[in-house]
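Engineer: Sequence and computational prediction follow.
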Amino acid sequence: MEFGLFVQGYVPAARAQADPGAEHKALIEETEYVIQADKSGFKYAWASEHHFLEEYSHLSANDVYLGYLAHATERIHLGSGIFNPLAPVNHPVKVAEKVAMLDHLSEGRFEFGSGRGAGSHEILGFMPGITDMNHTKELWEETIAEFPKMWLQDEYVGFQGKHWSLPPRKILPKPYGKSHPAMWYAAGSPSSYAMAGRRGLGVLGFSVQKVSDMEWVVDSYKTAVKDAEPVGDFVNDNVMVTSTAICAETHAKAVEIAVGGGLNYLQSLLFRYHDTFPRPEGIPEWPELLPEYTEEIIELLIAEELMICGDPDEVLAQCRRWERAGADQLSFGLPIGIGREDTLESIRLIGEHVIPAIDTDPVHRTSRFRDAA
């Protein structure tokens with residue numbers, strides 16, 4: 001199992017009210033986290049694309065952000081988590097161009113994650129006439145198979161669809177080196193896993209909350225991917241899942257950090273905006289918030305495998321549970337409310353004690369697939 005980091009430009013109201021420069025600091029600090037993750041042996045860093053999601057994510061121009069990281073890092077693969085390829089949001093040709101450009105700037109370290117957006121608040125900003133959010137599925141399905149053609153055909157044959165069109169054109173630049181970047185799909189519901197598998201796409205599993213949820217959705221993906229008809233040049237047989245992670249020298253310190261991290265607020269914001277995700281029982285409707293997390297709640301979340309938290313040995317054991325459940329990659333959403341130094345320390349400790357014990361392959365899984373295409 002490989003390891004990744006997930007960043008999104010989280011700027012909660014309490015931080016913004018206390019510091020007029022909070023937005024800038026959040027974005028700059030998150031670049032530090034990716035740079036440290038690169039030094040600490042993490043193989044992937046994923047940057048979100050969100051629009052209009054106050055507090056939850058201010059990382060809208062993630063192509064610019066990833067371009068900076070391509071220069072600031074050496075080994076870590078940089079992924080769009082996601083680029084939104086729906087024509088009313090981003091013209092598909094522009095997306096193809098961005099992917100290829102980032103592939104060059106990173107010298108083959110780019111990962112192309114796509115998806116349909118966070119929910120109604122985001123999508124309706126670009127498509128105000130939509131009454132059914134399932135409409136975005138139609139736009140995405142019309143588009144996704146065109147990207148490999150744009151990258152691999154000397155002159156793209158063009159496209160005439162229901163939602164966008166283009167006459168024959170040379171789409172430039174072409175990707176760096178062989179084939180094209182690995183393709184992923186952000187799964188907002190369990191049914192999306194099998195769909196991605198059938199298309200030969202890796203899954204960015206942002207919808208999985210706990211290890212026990214993981215086992216059956218991985219099984220549905222792995223069954224489907226065996227008979228994949230890939231939209232791309234190769235099958236990216238890959239399931240990434242995300243989990244909150246805090247690692248400290250002692251268990252007591254990790255729990256103390258978690259209690260002060262404002263995790264209840266971040267989780268409440270997630271379900272405020274991701275209204276297409278299945279809503280677990282007990283999650284209140286915004287603006288009602290989850291109760292503040294106490295030591296007892298943090299211990300319960302650890303016991304229920306809803307977060308990774310503890311000393312290095314405990315975090316290693318918790319990560320092994322995800323590995324046994326079938327995850328190909330475990331990506332950590334670090335609770336930014338815990339502070340810069342504690343976040344950097346979590347990354348360093350995981351890099352020193354956890355990653356070497358689990359990920360012993362020096363080559364990225366996606367690189368192997370791409371090289372064999």
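Structural biologist: Yep, it's here. Residues are numbered from 1 along each chain as shown.
Engineer: I'd say Tyr273 and Ile123 touch.
Structural biologist: No - assessed by Cβ atoms under 8 Å, Tyr273 is found out of contact with Ile123, at 10.6 Å. Quick note: C-beta positions are derived from backbone N, CA and C, even for glycine.
Engineer: ok, which stretches of the stretch 1-150 of the chain are helices?
Structural biologist: Ranges of helices in the stretch 1-150 of the chain, per DSSP state H, counting those that start in this stretch, are 13-18, 22-39, 62-72, 92-105, 120-126, 135-143, 146-152.
Engineer: Can I get the ones you listed in JSON lines including mean neighbour count, mean pLDDT and distance to Tyr56?
Structural biologist: Below are the helices of the stretch 1-150 of the chain laid out as JSON lines (neighbours: other Cβ atoms under 10 Å; pLDDT from 0 to 100; distance: least, Cβ to Cβ, whole Å):
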{"stretch": "helix 13-18", "mean neighbour count": "13", "mean pLDDT": "94", "distance to Tyr56": "11"}
{"stretch": "helix 22-39", "mean neighbour count": "18", "mean pLDDT": "97", "distance to Tyr56": "12"}
{"stretch": "helix 62-72", "mean neighbour count": "18", "mean pLDDT": "98", "distance to Tyr56": "14"}
{"stretch": "helix 92-105", "mean neighbour count": "21", "mean pLDDT": "98", "distance to Tyr56": "23"}
{"stretch": "helix 120-126", "mean neighbour count": "18", "mean pLDDT": "95", "distance to Tyr56": "10"}
{"stretch": "helix 135-143", "mean neighbour count": "18", "mean pLDDT": "96", "distance to Tyr56": "19"}
{"stretch": "helix 146-152", "mean neighbour count": "21", "mean pLDDT": "98", "distance to Tyr56": "28"}
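Engineer: And the strands in this protein, which stretches?
Structural biologist: Counting by DSSP state E, the chain has strands at residues 2-7, 44-47, 77-80, 110-114, 159-160, 165-166, 183-186, 202-205, 239-247, 308-310, 329-333.
Engineer: can you pull the alpha-carbon coordinates of the fourth one into CSV?
Structural biologist: Spelled out, that is strand 110-114. Extracted as CSV, the C-alpha positions of strand 110-114 are listed here (Å, rounded to 0.1, in the frame of the first residue of the first chain):
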residue,chain,number,x,y,z
PHE,A,110,1.3,14.0,-12.8
GLU,A,111,-1.9,12.0,-12.0
PHE,A,112,-5.1,13.0,-13.6
GLY,A,113,-8.1,12.8,-11.3
SER,A,114,-11.5,13.8,-12.6
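Engineer: what's the spacing between Arg169 and Gly158?
Structural biologist: Separation of Arg169 from Gly158 (Cβ to Cβ, to the nearest Å) stands at 7 Å.
Engineer: Can you give me the buried ones in stretch 35-54?
Structural biologist: The neighbour-count check on stretch 35-54 (16 or more other Cβ atoms under 10 Å) flags 35-38, 40-51, 53 as buried.
Engineer: tell me how far that stretch is from the chain's mean position?
Structural biologist: Its chain's average C-alpha position is 8 Å from that of stretch 35-54, according to Cα atoms, centre = their mean, to the nearest Å.
Engineer: now stretch 49-62
Structural biologist: Here stretch 49-62 shows a centroid-to-chain-centroid distance of 13 Å under the convention Cα atoms, centre = their mean.
Engineer: Can you show me the CA trace of it as CSV?
Structural biologist: Provided in CSV are the C-alpha atoms of stretch 49-62 (Å, rounded to 0.1, in the frame of the first residue of the first chain):
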residue,chain,number,x,y,z
GLU,A,49,-10.6,21.8,-7.1
HIS,A,50,-13.5,23.5,-5.5
HIS,A,51,-15.4,26.7,-6.2
PHE,A,52,-17.6,28.9,-3.9
LEU,A,53,-17.1,26.6,-0.8
GLU,A,54,-16.5,29.2,1.8
GLU,A,55,-14.3,27.9,4.7
TYR,A,56,-14.2,24.3,3.4
SER,A,57,-11.9,24.8,0.4
HIS,A,58,-10.3,27.9,-1.1
LEU,A,59,-8.1,25.9,-3.5
SER,A,60,-9.9,26.8,-6.7
ALA,A,61,-7.0,27.2,-9.2
ASN,A,62,-5.3,23.9,-8.4
